[in-house]
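**Q** When you get a sec, could you give me coordinates for this:
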Amino acid sequence: MKEPTTPDEIAFVVGQLDNYLKAPPVPRYSTTDHAAWAEAALDAYNGEAPATLLPMPERAERVRLGILAAEAMAEVTFGIPNDRVVDDQDSADRVIGDLVANLFCLTDGRVSPRELHQAAEELHSEAYPVSLTAVSAVTAAGAEREAAMLAALLDAAQSFECDVPGMVDSARDYFEDLKFDEAEQASA
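**A** Next up, the predicted model:
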């Protein structure tokens with residue numbers, strides 16, 4: 001961008017800066033807020049998912065359940081109605097990616113993001129023989145429904161050709177940043 005040189009350009013830049021400085025601060029949400037949003041998605045998921053963890057539904061049903069959960073979370077977090085729909089790669093990256101991070105907040109203190117992700121990978125794997133080592137650990141911690149929902153979210157993201165490993169890594173990084181910020185604020 002070139003530097004403003006005319007009085008009108010300078011006045012425009014000063015006006016924009018003034019508007020920026022007067023804008024209300026961007027709200028900071030806690031991990032508790034993020035967990036509540038994931039809880040809304042989990043409620044929607046549990047309302048339509050099979051009551052038993054195994055056998056997992058067919059892939060098409062898992063995709064539908066993942067989209068249902070993501071849109072339920074978007075309904076309570078996104079203000080613009082069009083942002084609440086998951087129907088393409090961009091919306092899937094945004095909404096499902098946010099929900100994965102929120103899900104890590106919901107399971108914080110019970111299982112790590114890595115453990116939850118490993119359990120979800122086991123649940124949505126179509127390889128045989130199936131190993132359920134991580135699922136057993138997550139179930140013992142009481143987070144098996146969250147792992148099943150994460151598996152459905154991964155299937156939904158994959159159906160939109162999202163970079164699922166990148167999405168999970170980004171969500172994990174965001175969750176860790178939130179935790180770090182909260183710890184820093186608590187110690188201040």
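**Q** Output the contacting helices and strands for the helix or strand hosting E122.
**A** According to DSSP states H and E, E122 maps onto helix 113-124. Under the contact criterion of 3 or more C-beta pairs under 8 Å, 6 or more residues apart in numbering; DSSP states H and E, helix 113-124 touches helix 89-106, helix 133-140, helix 144-159, helix 164-187. No exception for glycine: its C-beta is placed from N, CA and C like everyone else's.
**Q** Taking their axis directions, that helix and helix 89-106 sit at what angle?
**A** Interaxial angle, helix 113-124 versus helix 89-106 (axes from the mean of the first three to the mean of the last three C-alpha atoms, to 10 degrees): 120 degrees.
**Q** and the next element down the chain from the helix or strand of the chain with the lowest mean pLDDT?
**A** Taking mean pLDDT, DSSP states H and E as the measure, the helix or strand of the chain with the lowest value is helix 7-22, at a mean of 66. Sequence order places helix 31-48 as the next helix or strand after helix 7-22, per DSSP H and E.
**Q** buried sites along that following helix?
**A** 31, 34-42, 44-45 (16 or more other C-beta atoms under 10 Å).
**Q** Not counting it itself, show me its contacts.
**A** With C-beta atoms under 8 Å, 6 or more residues apart in numbering as the test, helix 31-48 has contacts from 65, 68-73, 75-77, 99, 101-103, 105-106, 108, 145-146, 148-149, 152, 175, 178-179, 182.
**Q** Against R59, how distant is E71?
**A** E71 is 19 Å from R59, where distance means C-beta to C-beta, to the nearest Å.
**Q** And stretch 122-137, end to end?
**A** 12 Å (C-alpha to C-alpha, to the nearest Å).
**Q** Give me the residues contacting that stretch.
**A** Counting by C-beta under 8 Å, 6+ apart, the neighbours of stretch 122-137 from elsewhere in the structure are 53, 56, 59, 62, 111, 115, 118-119, 121, 144, 147-148, 151-152, 154-155.
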